[in-house]
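Novice: coords please:
(one chain, ligands or ions: 1)
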Amino acid sequence: MVSIAIDGPSGAGKSSVAKELSSRLGFIYLDTGALYRGIGYYFVNNGMDYNDESIINKNINSIKIDVRFENGTQNIYICNDNVTDKIRTEEISKAASKVSSMKSVRKFLLDLQKNMATKNNVIMDGRDIGTVVLPNADVKIFLTASPEERAKRRHEELINKGNKISYEEVLKSINERDFNDSNRAIAPLKPADDAIVIDTTNYSFNQVVDKLMKIVEEKVR
Ligand code: DC
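Specialist: Reported below is the predicted structural model:
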């Protein structure tokens, strides 16, 4: 099986690029951030304090999480409830960032991610795919962009969806998440030693896709 790991900070364009590559290559695309968001959603939805690690540790193993590919898109089910759309809020972003720093949560989701790559040709995006989940991935990409550019893209996306959030708030949230994701003790956000780092600040979506397709074609032939 062929596996492609795409890591990087929030808003670097990982998921849209990975989706396009997966449709061109006919690979399954797993958005691993959605798994952490699903866990965050569970605790928010059940009114439990997601900052309290003892609560997380006590409940994590009873969460039923399923990833189903339906009509070519990934759907996340938490305890049989399709939460795919409900996990895309700022509140769940914060909860996901917090729970993803906890050992029990990372352990809980690790096998699910690894198993996916043993059965399918995959493109996975996340923070620790090239370093922890798929250390033997055929291609490792680290996609990044300046915090201001990422905040600008994310802000536009939220405004188009009808949210009234300001650019400054989005930038603050991006900076906080970068800090949490990069400074946690377990599986912090960082490029694998053998990852190709691509800064997309001054590239269009199509330019990034073309670059990645070239890299994939060179490495996986
Ligand atoms: O990519 P995203 O914004 O949907 O991810 C949500 C959170 O999950 C983010 O704060 C970092 C965390 N995450 C992680 O720790 N490891 C991954 N492989 C993917 C996401």
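
Novice: Check what pLDDT the residue nearest the centre of the chain gets.
Specialist: With distances taken as CA atoms, centre = their mean, the residue of the chain nearest its centroid is Gly33 (3.0 Å). On pLDDT, Gly33 comes in at 96.

Novice: which ones are touching it?
Specialist: 15, 96, 125-127 (CB atoms under 8 Å, 6 or more residues apart in numbering). For every residue, glycine as well, the C-beta is placed using N, CA and C.

Novice: Those in helices, which ones?
Specialist: Among these, the members found in helices (DSSP state H) are 15, 96.

Novice: The ligand next: which of the contacts of Gly33 are close?
Specialist: 96, 126-127 (CB under 6 Å from any ligand atom).

Novice: so how far is the ligand from Ser101?
Specialist: According to CB to the nearest ligand atom, to the nearest Å, Ser101 stands 8 Å off from the ligand.

Novice: phi, psi of the residue lying closest to that residue once chain neighbours are set aside?
Specialist: Closest residue to Ser101 apart from its sequence neighbours, by CB to CB, 6 or more residues apart in numbering: Arg184 at 4.0 Å. Main-chain dihedrals, Arg184, degrees, to the nearest 10: phi -70, psi 160.

Novice: Near Arg184, how many other residues are there?
Specialist: 18 (other CB atoms under 10 Å).

Novice: Same check on Asp7?
Specialist: The tally of other residues near Asp7 (other CB under 10 Å) stands at 28.

Novice: pretty sure it contacts Ala187?
Specialist: No: between Asp7 and Ala187 there is no contact under CB atoms under 8 Å: 10.4 Å.

Novice: one step back: compare the ones next to the ligand among the contacts of Gly33 and tell me which is most surrounded.
Specialist: Neighbour counts for the ones next to the ligand among the contacts of Gly33, by other CB under 10 Å, peak at Gly126, which reaches 29 neighbours.

Novice: Surely Tyr197 forms part of a strand?
Specialist: Residue 197: Val, not Tyr. Yes: assessed with DSSP: H, G, I helix; E, B strand; the rest coil, Val197 lies in a strand.

Novice: separation between it and the ligand?
Specialist: From Val197 over to the ligand (counting by CB to the nearest ligand atom), the distance is 17 Å.
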